[in-house]
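predicted coordinates and the sequence they were generated for:
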Amino acid sequence: MAIDFEPRIVGFLCNWCSYAGADMAGTARICYPSNIRVIRVPCSARIDPLLVVKAFQLGADGVLVAGCHPGDCHYTEGNYYSRRRFALLYPFLEYLGIEKGRLRLEWVSASEGRKFSHVVSSFTEGLVSLGPREKVPAEGALP
Amino acid sequence: MARIGVFICHCGTNIAGTVDIGRVVEAAGQMPMVVHAADNKYNCSEPGQALIRDAIAEHRLSRVVIAACSPRMHENTFRKTVAAAGLNPYLLEMANLREHCSWVHSDGKEAATTKAIELIRMAVSKVARHEKLFPKQVSLTKRALVIGGGISGIQAALDIANSGYKVVLVEREPTIGGRMAQLDKTFPTLDCSSCILTPKMVDVAQHANITLLTSAEVKEVKGFVGNFEVSIVQKARKVDHAKCTGCGICWQKCPEKAPSEFDMGLGKRSAIYIPFPQAVPPKPVIDTANCRYHKHLRFVEEKREGKPPPQCRVCEKLCPVGAIDWEQKDEVLTEKFGAIIVATGYKAFEPAVYAELGYGKHPDVITGLEMERMMSASGPAGGDVTRPSNGEHPRDVVFLTCIGSRDEQRGRTYCSKVCCMYIAKHAIILKEHYPDVQCYVFYMDVRAVSKDYEEFYKRAQESGAIYIRGKVSGIRQEDGRLVVRGEDTLLGEMVEIPADMVVLAVGMEHSPGSAELAQALKVSYDINELFIEAHPKLRPVETMSDGVFVAGACVGPRDIPESVASGSAAAAKVAALFSQEFLTTDPMVASVDQMKCGGCLLCTKVCPFKAIDTQVLRDGRTVAVVNESLCKGCGLCVATCRFGAANLRGFTQQQLLAEVTSLWQ
Amino acid sequence: MSQTAQIRQAARELLQGKAVECVIGYERGTDGVNARPFFAYEAAEADRLIFDQTCTHDLAKYLLNRKGKSTAIVVKPCDSRAINLLLNESQIQRDKLHIIGVVCPGVVERRWGTPGAKQLNACQVCQQHTPVVYDTLVGQPVSEPAVADPYPDVAGMEAKPADERRTFWEEQFSRCLRCYACRQACPGCYCPECFAERLDPLWVGIRIAPGENEVWNTMRAFHLAGRCIGCYQCEQVCPVNIRLSLLNRKLEKDVLGMFHFQAGMDAESPPPFSTYQKDEKLGIGE
Amino acid sequence: MSTIVVSPFKEAIDAVVEAGGKALKQCYQCGLCTGTCPWNLVKSFPTRKLIHQSQLGAADFESEDTWTCATCRACVARCPRGVAIIDIMKALRGVIVGMGAGYVPDGLRVTLKNIAGTGNPLGESAEKRTDWAKDLEIAPFTSDTEVLYFSCCIPAYDPNIKRVARATAAILKKAGVSFGMLGPRESCCGESVRKAGNESLFQTLAQSNISAFVERGVKKIVVSSPHCYHTFKNEYPELGSSFEVTHLTQYLAGLIREERLKPKKELNLKVTYHDPCYLGRHNSVYDEPREILTKIPGLDLVEMAECRENSLCCGGGGSRIWQETKKGERLSDLRLDQAVATGASVLSTACPYCMLNFEDSILTSNKGDMIKLKEISELVLEAL
């Protein structure tokens, strides 16, 4: 296993809970690995699976989707839909050979800075032990 | 070609202490379309903002990236900054270098600097795809609709009217007053209910800003906050209220009697009637189901055999002003409103489903509301409480609480909140009226949670009511009395109480038609058909549907003080809304590209705000169309749309994909 | 009376009585062996209609071109599910439609000029031999024996190690020509503009390359999650024999397992992504 | 499971209510009384359940539980609804005694008979009431005598506890107090009689005492027993009496403050003090006994873990003192252990009932060499 391997993680965080939770981790100065690149979305329900598939195609080692806890959605029910969508996408990507553990759905509330930091840390560790994804042939990466 | 400026904030040492600002500025300067990259001690300070404004002018920047703190902190600040420099405020993107980078990666400066550069690259890629967005200003109708004329709706209507705005109060029944009008006394003060309610009812009738529509129901609601269009059905009363003076000769002389709904069937009313003497408006309606003339008309119309019943028409003959109007039909009024308050209240639980308690079988088993009417001095018995079976005064009265509350078997999981207190009230009043009465109360918990309620419960105990913890398992008839049987859980033994009368403390449930109304209003409701507030703690009178507010027991069991308070609270929200000249809508909402829409209409089904309508195009295709006033910008429709027709401004597919792609450029 | 005769009789009556403008069915193709789609507009044309085990096409897709026009259509059970799908998605109107449902024992792979011998993969695992919706039924309804493991192919794939699956799909997708025949044949693929052909956002690069092919095939299948009615037209028409059914059936299996939903069994049930249960346990985010 | 048919005992409820248990109705069955009651340290005594049974008129008149309460007032002091639990117990007992049916403990029957016959619980002759003072040369009580010393029946007759009365008399003499006794005209104060439910006997005793006091021109009474104190001070006024009543500890503390008494001798003792329930919780006299003890030179006062408001009852109140308490269930044994645990060599108190119980506990548990029992008056006398 490559010791120096730094996985690249794309994190889609809902604005109201998880992005705020990540802000909270910052305010509380709770350190976590720097591998995650956060994309802010209004709600986890906004995340088109295409974006996730596309991130993997481009070379992401892991994709994190985080939203409000069920029942706490700012838009009342968006996360129930995203839960269904990703519950199905998750085993499907695994079926295609993208290992379990590369896609993660988490509920992180605005007060759960510690949880956010823990999620990113454990996700990063997991990806390090999985190692780099087998490279998609270079000419496929971009048009 | 976009000209992008990047402004990197030190935030004192908050960012600069961890991130190598020099390297970040240099890297940012080399990103595509970036024509200006600069650092700043504090971007958010006035001098900092001035530097940004100057740079926008000097470098003719068309888009701006602020690399600083969380956008949740200062996005609005910097939108104003760029707007002051003449840019559209939405041509801005923030890179969160503080909360998401320097503060959490202080243990690795190198990694933090690399991440900072990538976060800026993502923001640059995204902002390149930003579009000018314009909030819309919508005019509003400063006129409120209050649905429901109980105490909560009355309070809301009066408060709005007193704020100087017009109100239409719609009530389904022939009078306003609601449940409170049926009550004898109110806990814990034992004020006479109608003494405190009827003056308010009269205020409603006389207020210049209030239009009262009784015997009327809301049928359809269109539009959105500020601009609702509501269809209201004015049911035919067969009496022209414009002519009627309320002299009362008609209902006194009407020969046909029917059970009085207001008196819970304990008394009678005539077929042309006002529900109770202080009804507002004090003008009658004809109950066509019982009216003799209408029976005659139906007989003739249905061509039944035999001799038709006689045409009565006594009221018509006697009416001094000719107000009886047999031709009157249901009428639909369509009115415009800026805000709607729902105050449809509750209905008492029907206890017949508890077969073991024998309601409807044993005449001496009655409900709490029936007890109210019996006790009321203006009720059918003039306040004399007697056993329905034999007309004698009861000596032993047993009260059973939680009938239709806290009972999953009956589908009612919640506590109805008022029963413990009204039972205590009955016990106190009975003892006062009839000193030799012995009251027993079977309870599960005594919930006395508001001001002076615990003291009131103690007063009931002191008056002699004996409280027995347990739920009654059966009532049987024996020697002309009722024997109430249940476990006394505190003794761990069965107890049987011979009683003359049993009062079921029935709980509250949603008023009929709540679900339909909620659907028409696009407001959510729960499994109990109770309306759901926007936030149970922080937005208790708002709903997720802007401009629609809720008050009183339609949200959940409430007592009179709470109903009044929520009525006033909803009115305050309406007044605040009406204090604006225009409503401004957030431009970061969804849109549907009609050329790409395949018309599956799944988006219309999933939208939590029912903000997506359908539209038939000239080519015959049915497509989705977003109502921007209702859309809250969650983006669920975008992920739902396979066609790629739905998109969300400010978080477009193009923008998010650009962010992802930038990570591998 | 043979199924062909029954179909002809029904079509003739419908056209003669002007109940419909057109009957969509099958006729014998030019090789004299296989069937091809046929649109009968006149009662006299009804006798060209046939039905046998060469009738592989899912004709439901042709209804998308006849929106708002009264049409009768010959459907196999799998095609009847496609009709429900299109009804559910507001693509066609039930009242403009006369469905001639055919009880189907299964159809065979097509070989030019010679009768096919092998049943389609779909038919080998088919559990629906009677149409789920019809106005006229051709043939006697058959009872369906319970199948212990309806997805042996998917289970086999799932059992493989991740890298083996990865290699398998890389090889499969590397052959993809992006001819989009799968899309054209699929009754559920009817986007006005396919995401694969959009320039902005550019989800799928124009270049025919493994990465782009992967995005295309992954998302094509995922767009059919909870919608695929198992007709296998996609796999049937693929010129390079990519095992597309293995993708569709994986999603079908999981949708059934997680959401207890099967596409096209009726026209009313909300599809899995348009509804939810608050307390459902889906093994994710818990 | 038996079924209670509620209300046949309606008369009994009315009787309980009428007998002073109005508080019964207010109880909301939280059970704090049961948890507080010291009896539950040694056995099961379901205070709450007893009250609820009474509410239903379903009290078990044959149960020993009716007679268990020592009226220590710990529960009353905590009851969130302010229920006068002692009054309920008293009323319940009253119903049994009044109706002449139900169970009354044997010891109590004898005692009540004694009191009715002789005016004192021990059944001794009234003439011998002041025999303990024969050799002390106390002047007879006249209308000029300033203070009536009312010793309580136990110090008057009990051979062991007589020392309390004698010590008290000696101190009063040393301080030059003008005091005397009424001898055979004194009767039992009636406190335990009333708690045992025999209201009529209580009334007789009280009337007899009051008329004796009035006839002899008594104005100020000093008592050794907190029970006499409670009754004279709080209950006799119901019958129209108005005497100045002082407990001995209050009186002695006053004498010391006025320097009419000067404890000079160093005792070099470690002493712990037990608060009698009727002095402490019933009448809030906590400080005076401690004030006296701390004024004694060389006396080191240590507190037990439970003291003052939380003091553990000795088990002797509410007529319990006349009933047999099984070994292993005696609260005084527990209290004695607490006293020993402080390391004190002397357990001090200010109540004849407590004295009786602790004497017995020291004897039966063989702790005489660990700790001695001394009434406050004894210690004061030693220090003079």
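Ah, there it is.

now chain D against chain A: closest residue?
Proximity of chain D to chain A (Cβ to the nearest Cβ) peaks at residue D:30, 34.5 Å away. In this view, the C-beta of every residue, glycine as well, is placed from N, C-alpha and C.

confidence score at the spatially closest residue to residue B:295 that is not a sequence neighbour?
Nearest-residue entry for residue B:295: residue B:309, 5.4 Å, with adjacent residues in sequence omitted and distances by Cβ to Cβ, 6 or more residues apart in numbering or on different chains. What the model reports for residue B:309 is a pLDDT of 87.

the nearest residue to residue A:58 once chain neighbours are set aside is in what secondary structure piece?
Once flanking residues are discounted, residue A:58 sits nearest to residue B:664: 4.5 Å by Cβ to Cβ, 6+ apart. Assigning secondary structure by DSSP states H and E places residue B:664 outside every helix and strand.

distance of residue B:664 relative to residue A:59?
As defined by Cβ to Cβ, to the nearest Å, residue B:664 lies at a distance of 6 Å from residue A:59.

tell me the phi and psi of whichever residue of chain C sits closest to chain B?
For chain C and chain B, the shortest gap (Cβ to the nearest Cβ) falls at residue C:89, measuring 4.0 Å. When read as degrees, to the nearest 10, the backbone of residue C:89 gives phi -90, psi 20.

repeat that for residue C:206.
The phi/psi pair for residue C:206 (degrees, to the nearest 10) is phi -70, psi -30.

what's near enough to touch residue D:88?
D:16, D:21, D:23-24, D:51, D:54 (Cβ atoms under 8 Å, 6 or more residues apart in numbering or on different chains).

which parts of chain C sit against chain B?
C:67-68, C:89-91, C:190-193, C:195, C:198, C:200-203, C:223, C:270-271, C:273-274 (Cβ under 8 Å from any Cβ of the partner chain).

find the closest residue to chain D in chain A.
Counting by Cβ to the nearest Cβ, chain A gets nearest chain D through residue A:71, at 34.5 Å.

gap between the residue nearest to that residue when sequence neighbours are not counted and residue B:357?
Residue nearest to residue A:71 in three dimensions, not counting chain neighbours: residue C:278, with 7.0 Å by Cβ to Cβ, 6+ apart. Residue C:278 sits 33 Å away from residue B:357, going by Cβ to Cβ.

which of the two has more neighbours?
Legend: neighbour count by other Cβ atoms under 10 Å in any protein chain shown for residue C:278 and residue B:357, higher for residue B:357 (22 against 9).

what segments of the chain are strands?
Picked chain A for this. Using DSSP state E, the strands of chain A run over residues A:9-14, A:36-41, A:62-67, A:103-107.

to clarify, I was referring to chain C.
Along chain C, counting by DSSP E, strands occupy C:22-28, C:35-40, C:71-75, C:97-102, C:136-138.

same check on the stretch 401-550 of chain B?
Assigned by DSSP state E, counting those that start in this stretch, the stretch 401-550 of chain B shows strands spanning B:438-443, B:466-469, B:472-478, B:481-488, B:493-499, B:501-506, B:508-510, B:548-550.

just the CA coordinates for the second one, please, in PDB.
This points to strand B:466-469. C-alpha atoms of strand B:466-469 as PDB (Å, rounded to 0.1, in the frame of the first residue of the first chain):
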ATOM      1  CA  ILE B 466     -61.000  11.000  44.500                       C
ATOM      2  CA  TYR B 467     -58.300  10.400  41.900                       C
ATOM      3  CA  ILE B 468     -57.600   6.800  41.000                       C
ATOM      4  CA  ARG B 469     -54.700   6.000  38.800                       C
END
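
show residues contacting it.
Applying Cβ under 8 Å, 6+ apart, the external contacts of strand B:466-469 come out as B:438-444, B:446, B:461, B:486, B:488-490, B:495, D:6, D:25, D:28-29, D:55-56.

quick one: buried ones out of those?
Among the contacts of strand B:466-469, those buried by neighbour count (16 or more other Cβ atoms under 10 Å in any protein chain shown) are B:438-444, B:446, B:461, B:486, B:488, B:490, B:495, D:6, D:25, D:28-29, D:55-56.

need phi/psi at residue 31.
Looking at chain A here, since you left the chain open. According to degrees, to the nearest 10, residue A:31 has phi -70, psi 150.

let me see the contact set for it.
Residues near residue A:31 by Cβ under 8 Å, 6+ apart: A:117, B:104-107.

how near is it to residue B:111?
According to Cβ to Cβ, residue A:31 and residue B:111 sit 11 Å apart.

follow-up on the earlier one: adding mean pLDDT, write the strands of the stretch 401-550 of chain B out as CSV.
Converted to CSV, those look like this (pLDDT from 0 to 100):
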stretch, mean pLDDT
strand B:438-443, 96
strand B:466-469, 94
strand B:472-478, 93
strand B:481-488, 94
strand B:493-499, 92
strand B:501-506, 97
strand B:508-510, 96
strand B:548-550, 97
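
show me the helices in chain A, by range?
Assigned by DSSP state H, chain A shows helices spanning A:18-27, A:49-58, A:78-95, A:113-130.

these: which one's closest to residue B:225?
helix A:78-95 (20.9 Å; Cβ to Cβ).

ok and the residue in the stretch 151-300 of chain D nearest chain C?
For the stretch 151-300 of chain D and chain C, the shortest gap (Cβ to the nearest Cβ) falls at residue D:281, measuring 53.9 Å.

report pLDDT for the nearest residue to that residue once chain neighbours are set aside.
Leaving aside its sequence neighbours, residue D:281 sits nearest to residue D:73 (Cβ to Cβ, 6+ apart; 4.2 Å). Residue D:73 carries a pLDDT score of 95 in this model.

pLDDT on stretch D:186-193, on average?
Stretch D:186-193 carries an average pLDDT of 95.

secondary structure element holding residue B:221?
For residue B:221, the host element (DSSP H and E) is strand B:216-224.

give me the contacts around that strand.
So strand B:216-224 is contacted by B:145, B:147, B:170-172, B:228-235, B:332, B:336, B:340, B:513, B:517, B:520-522, B:546-547, B:627, B:629-630 (Cβ under 8 Å, 6+ apart).

from the contact counts, what lies against the next helix or strand after it?
Using DSSP H and E, the helix or strand that follows strand B:216-224 in sequence is strand B:227-234. If you count contacts as 3 or more Cβ pairs under 8 Å, 6 or more residues apart in numbering or on different chains; DSSP states H and E, strand B:227-234 packs onto strand B:216-224, strand B:331-337, strand B:339-342.

give me the distance from strand B:227-234 to the chain's centre.
From the chain centre to the centre of strand B:227-234 is a distance of 17 Å (Cα atoms, centre = their mean, to the nearest Å).

compute the inter-axis angle for it and strand B:331-337.
Orientation of strand B:227-234 against strand B:331-337 (axes from the mean of the first three to the mean of the last three Cα atoms, to 10 degrees) gives an angle of 160 degrees.
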